[in-house]
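Peer 1: Below is the sequence, then the predicted model.
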Amino acid sequence: MTGGLALACIAVVLWWTPPAPEQKTAAPRGRLAEVLNHGPLLRLDVGVFVLHAVQLAMWVAVPTLLVRAGLPQDAHWHVYLPAVLASFFAMGALFPLERRGYLRAVFLSAVGLVLLVQLGLLAASFRPGLAALSVLLFLFFCGFNILEATQPSLASRVAPPHARGAALGVYNTLQSLGFFAGGAVGGWLAKNVGLPGLFIACAVLMAVWLAVAWPMRAPHSRKTAEEVFADEAQAT
C-alpha cells in the first residue's frame, strides 16, 4: 500500500501539480541559525516533538487498558476505527473557524484537549472501562487531527519566505525524534513507574507545550503560490 501511494504521488507531481512560477532573481537560501532563532517556529517545533512523543508513549499503554477493560486484542479496531472516523467529522469545524479568525483559539483548545485526555487516561489506568476509554480516544483523535493538520501549515506560513525549506526540515526532523523519544521513553516509564506514571509524564509534557504555545499569534491569511514567489523576489 505504501509503495502504491508513493507511485500515485509521483504521478500527481508529474501530471497534476502546476509548474512553479518562474523566478527572475535567485532567492537567498535559508540558514539553520535563522530558523533556530525564530520564536514562532520554535514553538511549533516544540509542539510537533511533544505531540508525537505523547502519541507514541500513550500507545504503549492504551492496548493494555483496553484488554483490562475486557476487549480482546484482536477486537481493538472496534474502538479505534469509529474513534478515528468520528474525529474526522468533528475536525470539519476547523476550517470555518479558521476563516473567522479563531485559529489560535482552536489550536490552543486542541492542545488543552489532548492534555485533558492524558488526565482522563490517568484516571482510567486505575479502573479501566470500555465506554470511558472509547470517549477518551475519540477526544484524543479530535485534538490530534486538528494539531496534525494545522501545525505544518503554520510552520510554512510563519517561516521567512526564503527559509521555508530549512524551517520544514527542522520541523520534520523533530517530528521523527518525537516518535523515537515517545516509544523509547514511554516503554521505559511503563516498565519502571507503571501506566499512571506514564500518563502523568504525558500530561506534564502537554502542559509544558500549552505554556510554550500560549503566546502564539495566528499568521496572516494564506497566500497563493504567485504571491509567495513575488514576496521572495521582492526580498532579493
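Peer 2: Now that the structure is in, tell me what you want to look at.

Peer 1: right, and residue 122 touches residue 201 too?
Peer 2: No: using Cβ atoms under 8 Å, residue 122 is not in contact with residue 201; the gap is 10.1 Å. For every residue, glycine as well, the C-beta is placed using N, CA and C.

Peer 1: Tell me where this protein is predicted with low confidence.
Peer 2: Confidence mapping of the chain against pLDDT under 70 gives the ranges 23-30, 93, 95, 98, 218, 220-236.

Peer 1: mind listing what the residue nearest to the spatial centre of the chain touches?
Peer 2: Residue closest to the average C-alpha location in the chain (Cα atoms, centre = their mean): residue 148, at 3.2 Å. Listed by Cβ atoms under 8 Å, 6 or more residues apart in numbering, the contact set of residue 148 reads residue 51.

Peer 1: next helix or strand past the host helix or strand of it?
Peer 2: Under the criterion of DSSP states H and E, residue 148 resides in helix 130-158. Next in sequence after helix 130-158, counting helices and strands by DSSP H and E, comes helix 164-192.

Peer 1: What residues of that next one count as buried?
Peer 2: Within helix 164-192, the residues scored as buried using 16 or more other Cβ atoms under 10 Å are 164, 166-168, 170-171, 174-175, 178, 181-183, 185-186, 189-190.

Peer 1: Setting the sequence-adjacent residues aside, check what's closest to residue 185.
Peer 2: In space, residue 185 comes closest to residue 57 once its chain neighbours are excluded; the distance is 6.4 Å by Cβ to Cβ, 6 or more residues apart in numbering.

Peer 1: who does the host helix or strand of the one you found touch, helix- and strand-wise?
Peer 2: Assigned by DSSP H and E, residue 57 belongs to helix 39-68. When contacts are defined as 3 or more Cβ pairs under 8 Å, 6 or more residues apart in numbering; DSSP states H and E, helix 39-68 sits against helix 103-124, helix 130-158, helix 164-192, helix 194-213.

Peer 1: Pull the distance from the shortest one to the chain's centre.
Peer 2: Its chain's average C-alpha position is 15 Å from that of helix 194-213, according to Cα atoms, centre = their mean, to the nearest Å.

Peer 1: Next: stretch 39-56.
Peer 2: With Cα atoms, centre = their mean, you get 7 Å for stretch 39-56.
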